[in-house]
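>>> predicted coordinates and the sequence they were generated for:
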Amino acid sequence: MESFDFYSPTRMIFGRGTEEQAGAQVKAHGGSRVLVVYGGQSAVKSGLLQRVTQSLEEAGLAYETLGGVKPNPRYSLAVEGVSRGQAFGADFLLAVGGGSVIDTAKAIADGLANPGVDLWDFWTGKAALKGSLPVGVVLTIPAAGSESSNSAVLTHDETHEKRGLGSDFHRPRFAILNPELTFTLPAYQVACGVVDIMMHTMDRYFNPVTSNQLTDELAEGLLRTVVSNGRQAMAHPGEYQSMSELMWAGSLSHNGLTGLGHRPDFAPHQLGHELSAMFDVAHGASLSAIWSSWARYCVDANPGRFVQFGVKVWGLDPSGKSEREAALEAIETTERFFHEIGMPVSIPELSCGVLEDSVLDELALRCTFYRKRTIGTFQVLGEKDIRAIYGMANHV
């Protein structure tokens, strides 16, 4: 086993009707003045926001609400949230929604705990995050895993840069998971969530370390669960069992458990971030659009890893095939699954069209943070590698 340090302090509260515990949980974790962050009108129309705020009232807590969070969470709304939170005297953030809502709440919590610091400076590394206000979550979309992770992403409205920031200050105090809250999700959002959950696991699985058997088994089991229940959820919308499995898998996929002792790669995430930032496409779709091109470009770094992935996750039989042939079959099988659930496997399928060479050059440059970094651990990728992968994905 490789060495690791595992820290996952979030209290997970799972089951029907658990959103009614939001107020009690905020109070138990020291909150008294709560800024409730949510997305669009679905939380209002479904009655969820009313149930959550009622629980806050019953717990004797003061609150204000801030709606309007969009996919690929925006820096500008987080800045507005900091201003609103300061005026209200917020001491606790409650996110009611999916990953974008949770990440916005985390960013607001960072700003409130560090007055006078430009939020974007944390995301670009110009300032060190030294504290944050506590955050709680009522989850509505199984996808990003932000309800149990130490990470948050933010997109700058003007520069269209999308950056991630990891800090244990970002670990939510609690997360409420009621699968019934997912029943009205559009099929496309469910499919994007399935991809995101898989990628949080696969970006840890494909790495240079192959000696941690139990970590591999956890990752492979989670992936099998997501594939089977993803198919079930797409075929039978609003089914409690499949959505409950996806919701729990999403939380476990990004709390670090499926990558213990590994050196996570996350190159597909970095490649996808630039696509979603430039074209404002769904995060999960950007990941499926780029993954197989990344995989084919990097397969020779360790084809055996892809063979194991094919056998353990997809049930493939490598007999009679060369190692590379079996590895490519695993990649093709993953592509077919993405298509099966309605997800893209190329850039043009994102509705971006075939991109001009100059746009691909710009994507590669941005992905290196303007030649300040490489990405990946399974295979370290520089600007030329990144540009080649974008080129491979830029096919009809």
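Now that the structure is in, tell me what you want to look at.
>>> my guess is G256 contacts T10. True?
No - counting by CB atoms under 8 Å, G256 stays clear of T10, with 11.1 Å between them. (C-beta placed from N, C-alpha, C; glycine too.)
>>> buried residues in the helix or strand in which Q232 is found?
Using DSSP states H and E, Q232 maps to helix 213-235. Within helix 213-235, the residues scored as buried using 16 or more other CB atoms under 10 Å are 215-216, 218-220, 222-223, 225-227, 229-230, 233-234.
>>> downstream neighbour of it in the secondary structure list?
helix 240-253.
>>> what does the helix or strand following that next one rub up against?
Scanning forward in sequence from helix 240-253 by DSSP H and E, the next helix or strand is helix 267-279. Contact with helix 267-279 is made by 72, 153, 155, 160-164, 199, 202-203, 281-283, 286-287, 289-291, 294, 298, 347, 350, 352, 359, 362-363, 366-367, 375-376, 378-379, 381, 386, 389-390, as judged by CB atoms under 8 Å, 6 or more residues apart in numbering.
>>> export helix 267-279 as PDB, just CAs?
In PDB, the C-alpha atoms belonging to helix 267-279 read as follows (Å, rounded to 0.1, in the frame of the first residue of the first chain):
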ATOM      1  CA  ALA A 267      -6.200  15.700 -16.700                       C
ATOM      2  CA  PRO A 268      -9.600  15.100 -18.300                       C
ATOM      3  CA  HIS A 269     -11.100  17.500 -15.700                       C
ATOM      4  CA  GLN A 270      -8.600  20.200 -16.600                       C
ATOM      5  CA  LEU A 271      -9.200  19.700 -20.300                       C
ATOM      6  CA  GLY A 272     -13.000  19.800 -19.800                       C
ATOM      7  CA  HIS A 273     -12.800  22.900 -17.600                       C
ATOM      8  CA  GLU A 274     -11.500  24.900 -20.500                       C
ATOM      9  CA  LEU A 275     -14.300  23.700 -22.800                       C
ATOM     10  CA  SER A 276     -17.000  24.500 -20.200                       C
ATOM     11  CA  ALA A 277     -15.400  27.900 -19.500                       C
ATOM     12  CA  MET A 278     -15.100  29.000 -23.100                       C
ATOM     13  CA  PHE A 279     -18.400  27.600 -24.400                       C
END
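>>> hmm, back to that, any chance of the buried residues of helix 213-235 in CSV, plus distance to P179 and pLDDT?
Below are the buried residues of helix 213-235 laid out as CSV (distance: CB to CB, whole Å; pLDDT from 0 to 100):
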residue, distance to P179, pLDDT
T215, 26, 96
D216, 27, 97
L218, 21, 98
A219, 22, 98
E220, 23, 98
L222, 17, 98
L223, 20, 98
T225, 14, 98
V226, 14, 98
V227, 18, 98
N229, 11, 98
G230, 14, 98
A233, 10, 97
M234, 15, 96
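>>> just put those residues in a markdown table and tack on distance to S149.
Formatted as a markdown table, those follow (distance: CB to CB, whole Å):
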| residue | distance to S149 |
| --- | --- |
| T215 | 17 |
| D216 | 20 |
| L218 | 16 |
| A219 | 16 |
| E220 | 20 |
| L222 | 15 |
| L223 | 18 |
| T225 | 19 |
| V226 | 17 |
| V227 | 22 |
| N229 | 21 |
| G230 | 20 |
| A233 | 22 |
| M234 | 25 |
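>>> farthest pair within the residues you listed?
Within the buried residues of helix 213-235, two members stand farthest from each other by CB to CB: T215 and M234, at 28.5 Å.
>>> closest one to V138 out of the buried residues of helix 213-235, please.
Nearest to V138 among the buried residues of helix 213-235: A233, at 20.1 Å, using CB to CB.
>>> distance check, the closest one against D357.
Noted for A233: a distance of 39 Å to D357, by CB to CB, to the nearest Å.
>>> tell me who's in contact with the nearest residue to V380 once chain neighbours are set aside.
The shortest distance from V380 to any non-neighbouring residue, by CB to CB, 6 or more residues apart in numbering, is to T374 (5.2 Å). Contact analysis of T374 by CB under 8 Å, 6+ apart lists 368, 380-382.
>>> go with 7 Å
380-382 (CB atoms under 7 Å, 6 or more residues apart in numbering).
>>> distance of it relative to P208?
Distance of T374 to P208, given as CB to CB: 14 Å.
>>> can you check F338 too?
For F338 relative to P208 (CB to CB), the value is 25 Å.
>>> now A24
Taking CB to CB, one finds A24 at 45 Å from P208.
>>> same check on A128?
28 Å.
>>> so if I had to pick from these two, which one is more boxed in?
Set A128 next to P208 and count neighbours by other CB atoms under 10 Å: P208 wins out with 16 against 10.
>>> the helix or strand of the chain with the lowest mean pLDDT: which residues count as buried?
Across the helices and strands of the chain, mean confidence by mean pLDDT, DSSP states H and E is lowest for helix 42-45: a mean of 90. Neighbour counts using 16+ other CB under 10 Å place A43 of helix 42-45 among the buried residues.
>>> following element in sequence after that helix, please.
helix 48-58.
>>> what does that next one contact?
Helix 48-58 is contacted from outside by 19-23, 26, 34, 36, 38, 43, 63, 96, 138, 181, using CB under 7 Å, 6+ apart.
>>> and the helix or strand following it, what's its mean pLDDT?
Next in sequence after helix 48-58, counting helices and strands by DSSP H and E, comes strand 62-66. Averaging pLDDT along strand 62-66 yields 98.
>>> tell me the buried residues in strand 62-66?
Under the neighbour-count criterion of 16+ other CB under 10 Å, strand 62-66 has 63, 65-66 buried.
>>> ditto for stretch 51-67
51-53, 55-56, 59, 61, 63, 65-67.
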